[in-house]
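*Asks:* Quick one: sequence plus predicted model below, questions after.
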Amino acid sequence: MTAVFSRPVRCFVTTVWLVIAIGAADCRAEVPTHMTDARQHLEEHRELTRQFMQKLKTDSRAAVDDALAAVQRTKALGRNHPQRGDALEMLSHGYLATEQYDKALPLAAEVVRIRKAATPPEEELLALALDTHATLLFAAERSAESDAALSESLDAWRRAFGPNDLRLAPILEGQAEYVQKGFGRPLWAIELLREAVAIRVLHPESSGGKLAETLTELAIHEMRQAQYADCDAHLARANQLFDAEIRKDPGREESRASLAQVLVMRAGIAAVLAQKNLARDYVRQAKAIRLTDPIRQAETQILISESMSSALWLAGDLDGAIEQELQVMSVFKSHRDLLDSGSLDKNMVGDTLSSLGRLYLQKHELGLARQALKAARLGLGDTPEVLFNLSELERLSGDEPLALAHYQSALRLRKESATEVSVLFGTNRVAESGGEAGRFGSATDDRLSLGQAAVLVPGAQFSDVGWLRPTRTVPLPVGLATDATRLLIRTKRVLAPTQFGTQARAVMARARLHPKSVLVFVHGFNVSFDEAVQRAAQLARDLNYDGAVFVFSWPSQGTVLRYGTDRDSADQAVDRFVEFLGQVEQATGAEKINLIAHSMGNRVLLPALAKIASDPQSRVRPKVREVILAAPAVPQADFTHWLDTISQQGIRRFTLYASSADKAMWAGWLREWATSLAGYASQGVPLRHPSVQSIDITKASNPGLLQLNHDVFASNPVMSEDIRQVLQQGQQRLPNQRIPLMKAQRSPDGGVPYWSYEPPAAARR
């Protein structure tokens, strides 16, 4: 099926292509007096492109008609004549702009063939032809071929200018924006911008201000990918360069505005890394920058408030985050003239309203959320972000058909399909009356409730074959796991034990990779019931787990400010979890029970396993296989005591993921009265135990700007791949074997060895 680019992406691709095509002329050296035929054709092509693109913007139908006529006129020319290539190229762009992708694709392929047939090839024209071909391959959902064409295009640009030629830098910068906004390839954009930076560093005499701008753009991409060390280093360099520009020309407002942006970004990184004083200092510096230009002043105010909103959201202060978003709205209100004139992008208003709607949804203030999202939709139209938020709003409001319609529309715009994952749940939360079915709050119930949820997860259907290739590294780069915020709970229902068993056996019967096997997930603190269900579905998707998936949800309060209450609730949930595991075993008759606990969920799992292990009549104990302990928010003494009890009874296949970059571990350390937690890797060395394979994942830290640095095991595909191989290989896995990115380390005290995640060299640059 041919995919459709959204209108903003189509316009962007066309605009960037024009910028690259015409802008390349500005990067060329002066044309020699005796111009070759190839050079003359190149200049004529640039002018033809400029004129055609202008007409395409004003009257696309007339532009396509002109291109068709031009193709007819070139029929008498040779098959490889460059002017025939020009005519076909313009027509392919006309079809691209008018969404006639099936017609455009073969034309673009023919243009590439013609450019390659030239003797010698005109590298710039070949690069442009490959860009167009890549765009259309992507539209046809042939991503691998599209990426290959883009790579070939970049090589042609490098041949056209030379690898260290300053004229190549703006091409790389334009292509970085192209591959990110047009194709959604953030890591590739980072590579291109780093290459552009390296070139500009070689030419300091002409790259000062531009180098700072490129460093800032690079840092924005790195921040989005949670590459914080590289990001801050590049921002620090940009900071120095902008300071130097301001000293040379104090009246240059553009440099002062750019400096404010850099300072706000550095504040955001400091906030994520829990360096609160440093974050506040950067914000103060940014606020102290005075700008007389009303546009730049307004943009700076918006940037600061958005940054503060993100930091407050990170801290769990939804009211504070909402207040900052409302402050942004007040900036728009006071600068209505700039919006009306187009000096301020009106889409920013819609983006802010969408963010407000999402925050109100998290507070369950549905009336305010509806008001904000209605206004956002009016301003932005049906964007994926707005539709995902509307989907969640309608689900919470009880209109499941409309929720599903919005969700599917959002997926179509993002060119994604969705897998429906069945998650069976058990909970000792109190069921709330009214509203949607299967709604559970944060109060504790003495009884165990059972049920099932159907969750739509973006992505294709499960693979029915294994990846077990131990010599290969992980196929996905860090940061590209399933985004849990884009999962839709389609239905939820409470089931009687007999119904629960029927559904569980039906799901397990469909398994191919994991027959007669179940996966049980226990969430951590600061998690609502719905979030627990969504995370279980995410794990099923990212782990390619096709067996029966269960989640046990204990009464977390759903806020980082209630750590102590959550701890008590976790302790009180142990008996109900023992009961739930018994229900799972009875319902499925599974031969293998795999367990994953995150954060404070380990306070539920481990004492429950200790009880099960000590019960000679337990039907669960002999079936426990892999036990994944992710960032356990458990005091080390309790953790070790429970492991000793459990392992003495033969349950010994434990994997512990710990980190020294985990802020939640620091928060837990404070709330546990300075007691070290098992999920904290002190100086990069995790807790060790004879029955546990302990892994330091500090270098895999990838929370995203708005999450606690605490769920890296699920949001990082390196961890997902390690867990996936552990679950799939099961008893065949050698005890001393992990994925290649996990390196065996000797214990500093000569005791039990451990592992550490070591990213590849490319990821460390």
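*Replies:* Perfect, thanks for sending it. Numbering: from 1, shown residues only.

*Asks:* Below-threshold pLDDT in the stretch 501-650 of the chain: ranges please.
*Replies:* Applying pLDDT under 70 to the stretch 501-650 of the chain flags residues 558-564.

*Asks:* Please tell me how far stretch 504-521 is from the chain's geometric centre.
*Replies:* 28 Å (Cα atoms, centre = their mean, to the nearest Å).

*Asks:* again, but for stretch 508-523
*Replies:* 26 Å.

*Asks:* Count the residues that sit near Arg447.
*Replies:* 10 (other Cβ atoms under 10 Å). In this view, the C-beta of every residue, glycine as well, is placed from N, C-alpha and C.

*Asks:* right, I mislabeled it, should have said Leu326
*Replies:* Around Leu326 there are 13 residues (other Cβ under 10 Å).

*Asks:* if you skip the residues just before and after it, what's nearest to it?
*Replies:* Excluding its sequence neighbours, the residue lying closest to Leu326 (Cβ to Cβ, 6 or more residues apart in numbering) is Leu356, at 7.4 Å.

*Asks:* What does the pLDDT read for the one you found?
*Replies:* Leu356 carries a pLDDT value of 93.

*Asks:* do you know how far it is from Ser409?
*Replies:* 21 Å (Cβ to Cβ, to the nearest Å).

*Asks:* Look at the two and report which has more neighbours.
*Replies:* Of the pair Leu356 and Ser409, Leu356 is the one with more neighbours under other Cβ under 10 Å, namely 25 against 17.

*Asks:* doesn't Gln327 make contact with the more buried one?
*Replies:* No. Leu356 is beyond contact range of Gln327, at 11.2 Å (criterion: Cβ atoms under 8 Å).

*Asks:* and Val752, that's in a strand?
*Replies:* No. Counting by DSSP: H, G, I helix; E, B strand; the rest coil, Val752 falls outside a strand, being coil.

*Asks:* And for it, the neighbour number?
*Replies:* 14.

*Asks:* what about the longest strand in this structure?
*Replies:* strand 440-458 (DSSP state E).

*Asks:* Which positions in that one come out as buried?
*Replies:* Under the neighbour-count criterion of 16 or more other Cβ atoms under 10 Å, strand 440-458 has 440, 442, 448-458 buried.

*Asks:* for those residues, which one is nearest Gln586?
*Replies:* Nearest to Gln586, judged by Cβ to Cβ, of these is Leu450 at 11.4 Å.

*Asks:* what pLDDT does that closest one get?
*Replies:* Leu450 is given a pLDDT of 96.

*Asks:* How about residues contacting whichever strand or helix holds Ala597?
*Replies:* In this assignment (DSSP states H and E), Ala597 forms part of strand 592-598. If you take Cβ atoms under 8 Å, 6 or more residues apart in numbering as the criterion, strand 592-598 is touched by 514, 516-524, 535, 539, 581, 584-585, 604-606, 609, 620, 623-632, 711, 713-714, 723, 727, 730.

*Asks:* Just the CA coordinates for that strand, please, in CSV.
*Replies:* Output of strand 592-598 as CSV, limited to C-alpha atoms (Å, rounded to 0.1, in the frame of the first residue of the first chain):
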residue,chain,number,x,y,z
LYS,A,592,7.4,-21.6,32.3
ILE,A,593,6.6,-18.5,34.3
ASN,A,594,8.8,-15.5,33.6
LEU,A,595,8.8,-12.5,35.9
ILE,A,596,9.7,-8.9,35.4
ALA,A,597,9.6,-6.3,38.2
HIS,A,598,10.5,-2.7,37.9
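
*Asks:* Okay then, goodbye and thanks.
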